[in-house]
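J.: Below are the sequence and a predicted model; questions follow.
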Amino acid sequence: MKAPDFDYLRPSSLDVALAMLIEHDGEAMPLAGGQSLMPMMNFRVAAPEALIDLADLTELRGITVDTDTVRIGAMTRYAELMSDPTVQAHIPLIGMALPHIAHDAVRNRGTIGGSLALADPAAEMPALMLALDASIEVAGPDGTRMIKADDFFLGMFETALDDELITAIHVPVATPAQRFGFHELTQRHGDYALAGVAIAKTDDSYCAAFFGVADRATRVPELEAALTRQDNIKTVLTHLDQIDFTDDLKANHTTRQRLAGVALTRALKGMTQ
Amino acid sequence: MTGPAHIFDKPNRYIGQPEPRADAARLLQGRGRFVDDEKLPRMVHAAFVRSPHAHAKILSVDTEDALSATGVIAIYTGADLAEHVTPYIGTLTHLTGLRSAPQHPLAMDVARWQGEPVVMVVATSRALAEDACELVDVDYDELPAAVNSETALDADTPVIHPEFGSNLAWERDVIAGDIDAAFAAPGVHVIEREFRFGRHTGVTLESRGTLCEYDPSEDQLTVYYSGQAPHMMQVIFSKHLGLPEENVRVISNDVGGSFGIKIHTYGDEIATAAAAKLLRRPVKFIADRFESFVTDIHARDHIVKAKMGITEAGTIVGIDFDDLTGIGPFSMYPRTSAIECNQVLNLTGAPYVMENYRAKGRVVFQNKTLMCQYRAVGHPIAMAIADGLLEDAARKIGMDPVALRELNLMADDSYPRTSATGMKLDDLSHKRALRKLTEIMDYQGLRADQTEARKDGIYRGIGFVSMVEVTNPSPMFYGIGGAPIASQDGATVRLDAGGALHVSSSITEQGQGTNAILAQIAAGVFGIALNRVKVTTGDTATTPYGGGTWASRGAGIGGEAMLLAAQALKDQVLDVAGVMLQTGVEKLDIRDGAVTDLDGKERLPLADLARTVYYRGNELPNDLNPELIATRHYRVTDFPFVFTNGAMAAHVEVDTETGFVKVLHFWAVEDCGRVINPLLVDEQIRGGVVQGIGGALYEECHYSPDGQFLNATMADYMVPMASEMPDITIAHIETPTKTSVLGAKGAGEAGTGGAPAAILNAVNDALSPMGASIWQMPMTPERILTMLDNAAE
Ligand SMILES: Cc1cc2nc3c(=O)[nH]c(=O)nc-3n(C[C@H](O)[C@H](O)[C@H](O)COP(=O)(O)OP(=O)(O)OC[C@H]3O[C@@H](n4cnc5c(N)ncnc54)[C@H](O)[C@@H]3O)c2cc1C
């Protein structure tokens, strides 16, 4: 379990980093916190020719509020998110989710950009981005573009990134009309969820994003509509049938569907007041 | 010799005291010396090409590209090493009928489990060795695999060793009384359940590792070895590499956990030694986590169909069961893989008075990782069968499970006696342990809480186990069957010129505090401050000869040898002191590092005595031959094993919507005889309970139908972590064993042996209002939900 040989590059600016990505023509990988990439390399599942360490890119750092959006640099670590007053004040859902993401040691290194770029179907952050209607700011050779979270996650470990780097995440500031809910079910504390859901309610309308249930973080429009209509919970849960639930060693698809229902029910009960 | 009372009653005795262990600071400061910390000049590294198939013919091995890869020093195939290593077979004569085939360090013509080492690559770094492994081209012809133990004996299942004609490795029947008649008697309820115990493994924090150095000038092999039994490994390396025994030195410095994993013959380790000999330079092999999962021995993997008969009044009339266990493609050398099944046959129901007993055990080969002795060998199965059925029976006849145990447990004053299976039992305290347990846990209070909580739809359960643990094994365990495994241990203690003691022992330290208790015993018995005792263990060149640490034997056997040696040295020192002080030895004692009068008044500091002996012998009479060193050995003689007992309880909450189980609290009352250091004993029990929780709720090696290990990572194979560990309250009863002066029995495996049964019972107690129950471990959310669904239908 030793990584194959690779070059280690440490660009000092975003432009240099992008140029390096192009130069290696798909054979280089950006390195953020390394909490997913390093194990993948040690397992020899990933074998990049070069690692482009994003550590020195100031463009990818910082948390700023710009009237109705919070911009979070891609290299912001979970631990920084947890202690940041801006995030706490303006994006309560992140604060609710963070204690469930791994453990301190991983949170001290893992980054929000890394989690989104990886697009692990069981990760919390992609679902949060869907629930929060966030936009993902990416930079490539042709400049910068914004991708709506709804258009970003294309499948298991698959995103809309195209030789690009995530530079930041833009999350709308929570309004007084909003309420949030979060629940995830794990057998051990800090594990990836067997099923989980993040909910943002704006006035009476619901946005609910599930994670750990299918090949990617998933919203079910009919289910959200049923919640908005205040259908009874049994009816709401029937719409989970729309999800193509994952089967794995920890839970088969039937169990997962059931657990997704429990997570949703409990998240609704625990909505912020 | 001054008597036992004196040892345990004197002021500075140390034995029984919660002394902090001397090595804790060193280990916490990162100054431990594990195998991977050793770096020798010219050292190279091994990696292995392992079979990707559960069962495959090896058609050809092409190493050409790999040989020319950067850093590669040598590449060996099975055939290459077979010229230098004799094969080994994991059978023992006292396990009559046990069969296994010869094993080579690397697979020869056929690979028989996924992960079996096939080709060894030695390179200047582990990373380069792994690179070259990718260039080795092995052509396999995949064969159908025998994976499922339930079908291993079916006619259409491939036979792993055709010469045996079937996949049966061993079988044994144990019969006592007349079980059929007992079950057929009027008024007897027969409870029947099928238990399934998942395969799991030890997951040591430090993975297996060896660093082997061969010196051709002296034909000397030195092995730095992360293991439990250095002398056993010395014999194995010597025998199979063709070296004189005395030319093999095995050194086990710090070892980061073992649990029975590091006491076997692993092909990759033997290959490492062979490569070191062939290359005449040091070769290191450190198993990575994936290799650990697919090659460290696994354990459990039992399917048990069991019945218990019980009268309406609650008397157990007998147990009848059939145990089927899969052990992988070979029986592990040299301890064999039949011991776990044998323990299940021997130990089931051992706490209870019972006249009728019938048990059948079958051990079958399969194309999975080898199975062998992991902490609490057989115990969790045996305890879950008897106590699981007992609590099921209690529900059936409407009796409280504690009351039912009270009725059937062997009385504390009824020893010595034998169990239904003929095990010799003595010095046990089941009833006192159970009473103490119900007191410390406030049983009545918990029951009241349970009733209240159910009204709110919260399902809590309380489960118990009354258990025995096999400890301090005599030669009847392995030696009798021909294994090179010492059942005796030795200890040497030396008084140095500065007045300090240096002790060495053949028992070994893997983190449990062996060295700490050796120092406590030596200091307490001899009469010196604890911090003036230095301890050496884990080196065949410098310690007495002995078995090492396994089967909860270190404290009981090695500790007794230490006590005897310290006592002998004390007598020898007093002989010298008597002459120097012109006083009768019966009037002298040793306390706090000085020879004293019996009332404690100092007469002669030990340093003065030792310096006189070592430097100024001219001051002593010529006919005095001072011996300031003593060695004693000890083995258990009158009993095959020294049994301990315990009573444990689990309090759990089952989330009936998700199937999740939370262990709210765990209690253990242990009788391990004399407690030498309560801190260490308590942590042994706690750690054991946590591993038991792992077996009960989380840990399982999953295989695909074609024999692929599906969850060989720490993310997918779930061990309980800090958040999953409940508070564990521990209390002791001390019934010293009469087999030794020290009176210590073992304590290392009780938690692992007992906890699964207690948790199973607690979960079933919680599920009982829904009419559901579960008999499969680990009790995963999905399995619990399935049982709830079945009950609701
Ligand atoms: C023990 C453990 C438990 C964990 N538990 C959880 C959990 O419960 N929930 C959870 O969500 N995660 C969990 N994780 C994963 C963790 O959150 C990772 O840190 C995260 O998924 C990736 O972030 P990173 O910064 O470490 O990224 P890296 O590992 O450095 O990179 C991940 C991937 O993203 C790419 N990448 C990184 N940054 C960028 C960027 N700015 N632009 C484009 N591509 C980029 C990399 O090339 C790589 O492919 C766990 C990890 C461990 C080790």
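T.: Arrived safely, thanks for sending. Numbering: from 1, shown residues only, chains lettered A, B, ... in the order given.
J.: Up against chain B, what does chain A have?
T.: Contact residues, chain A versus chain B (C-beta under 8 Å from any C-beta of the partner chain): A:1-5, A:43-44, A:185, A:187-192, A:194, A:249-252, A:255, A:258-259, A:262. C-beta: built from backbone N, CA, C; applies to glycine.
J.: Looking at the residues you listed, which are in helices?
T.: A:255, A:258, A:259, A:262 (DSSP state H).
J.: Pretty sure the third one sits against residue A:252.
T.: No: in terms of C-beta atoms under 8 Å, residue A:259 does not count as a neighbour of residue A:252; the distance is 10.7 Å.
J.: These two: which is more packed in?
T.: Remark: of residue A:259 and residue A:252, residue A:259 carries more neighbours, 27 against 14, as counted by other C-beta atoms under 10 Å in any protein chain shown.
J.: Can I take it that residue B:662 is in a strand?
T.: Yes: with DSSP: H, G, I helix; E, B strand; the rest coil as the criterion, residue B:662 is part of a strand.
J.: List the residues that contact it.
T.: Residue B:662 makes contact with B:652, B:653, B:655, according to C-beta atoms under 8 Å, 6 or more residues apart in numbering or on different chains.
J.: Tell me the one of these nearest residue A:133?
T.: residue B:655 (32.1 Å; C-beta to C-beta).
J.: Could you report the neighbour count for the closest one?
T.: There are 17 residues near residue B:655, going by other C-beta under 10 Å.
J.: which residues does it contact?
T.: B:459, B:661, B:662.
J.: with these in mind, which one is nearest to residue A:20?
T.: residue B:662 (48.8 Å).
J.: And the pLDDT for the closest residue to the ligand within the stretch 251-400 of chain B?
T.: Closest residue of the stretch 251-400 of chain B to the ligand, C-beta to the nearest ligand atom: residue B:289 (12.4 Å). Note for residue B:289: predicted pLDDT of 96.
J.: For residue B:212, pull up the helix or strand it's in.
T.: For residue B:212, the host element (DSSP states H and E) is strand B:209-215.
J.: which SS state does residue B:74 fall under?
T.: Residue B:74 is classified as strand under three-state DSSP.
J.: typed the wrong thing, it's residue B:583
T.: coil.
J.: State whether it and residue B:603 are indeed in contact, as I suppose.
T.: Yes: between residue B:583 and residue B:603 there is a contact under C-beta under 8 Å: 7.4 Å.
J.: who touches both of those two?
T.: Counting by C-beta under 8 Å, 6+ apart, the common neighbours of residue B:583 and residue B:603 are residue B:577.
J.: Go back to the residues of chain A next to chain B and keep what's next to the ligand.
T.: Subset of these in contact with the ligand: A:190, A:192, counting by C-beta under 6 Å from any ligand atom.
J.: Can you turn the buried part of the residues of chain A next to chain B into a ChimeraX selection?
T.: In ChimeraX, the members of these classed as buried (16 or more other C-beta atoms under 10 Å in any protein chain shown) are selected with the following command:
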select /A:1,2,3,4,185,187,190,191,192,194,250,251,255,258,259,262
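J.: Using the record's assignment, carve the chain into domains.
T.: Unless you meant another one, I'm taking chain A. A:7-53, A:58-172, A:178-269 (automatic domain parsing).
J.: not what I meant, chain B
T.: Domain segmentation of chain B under automatic domain parsing yields B:4-30+B:488-634, B:35-143+B:207-255+B:262-295, B:298-475+B:638-792.
J.: Would you mind saying which of these lies nearest residue A:31?
T.: Closest approach to residue A:31 among the domains of chain B (C-beta to C-beta): domain B:35-143+B:207-255+B:262-295, 17.9 Å.
J.: For whichever residue of chain B sits closest to the ligand, list the residues it contacts.
T.: Of all residues in chain B, the one sitting closest to the ligand is residue B:715 (6.5 Å; C-beta to the nearest ligand atom). Going by C-beta under 8 Å, 6+ apart, residue B:715 touches A:191, A:192.
J.: Can you classify it by secondary structure?
T.: Using three-state DSSP, the structure places residue B:715 in coil.
J.: wait, what's in contact with whatever residue of the stretch 51-200 of chain A ends up closest to chain B?
T.: Scanning the stretch 51-200 of chain A for the residue nearest chain B gives residue A:189, at 3.6 Å (criterion: C-beta to the nearest C-beta). Contact analysis of residue A:189 by C-beta under 8 Å, 6+ apart lists B:721, B:723, B:724.
J.: Those residues, buried ones only, as a PyMOL selection?
T.: In PyMOL syntax, the buried subset of the contacts of residue A:189 is picked out as below (16+ other C-beta under 10 Å):
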select buried, chain B and resi 724
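J.: Now residue 198: which helix or strand?
T.: All of this is about chain A. Going by DSSP H and E, residue A:198 is in strand A:195-202.
J.: I was after chain B.
T.: strand B:188-201.
J.: Packing partners of that strand?
T.: Applying 3 or more C-beta pairs under 8 Å, 6 or more residues apart in numbering or on different chains; DSSP states H and E, we find strand B:188-201 packed against strand B:298-311, helix B:379-397, strand B:776-777.
J.: which strands and helices sit next to the longest one?
T.: Of the remaining helices and strands, those touching helix B:379-397 by 3+ C-beta pairs under 8 Å, 6+ apart are strand B:188-201, strand B:298-311, strand B:316-326, helix B:339-347, helix B:401-408, strand B:459-471, helix B:750-767.
J.: Which residues belonging to that helix are considered buried?
T.: B:379-394.
J.: again, but for stretch B:695-711
T.: Buried residues in stretch B:695-711 (16+ other C-beta under 10 Å): B:695-703, B:707-709, B:711.
J.: now do stretch B:581-598
T.: Quick answer for stretch B:581-598 (16+ other C-beta under 10 Å): B:581, B:583, B:585, B:588, B:589, B:590, B:591, B:592, B:593, B:594, B:595, B:596.
J.: Who are the contact partners of the second one?
T.: Spelled out, that is residue B:583. B:577, B:603.
J.: ok, so of the contacts of residue B:662, who is nearest chain A?
T.: Taking the contacts of residue B:662 together and measuring to chain A by C-beta to the nearest C-beta, the closest member is residue B:655, at 8.5 Å.
J.: any idea how far residue B:460 is from the closest one?
T.: Noted for residue B:655: a distance of 11 Å to residue B:460, by C-beta to C-beta, to the nearest Å.
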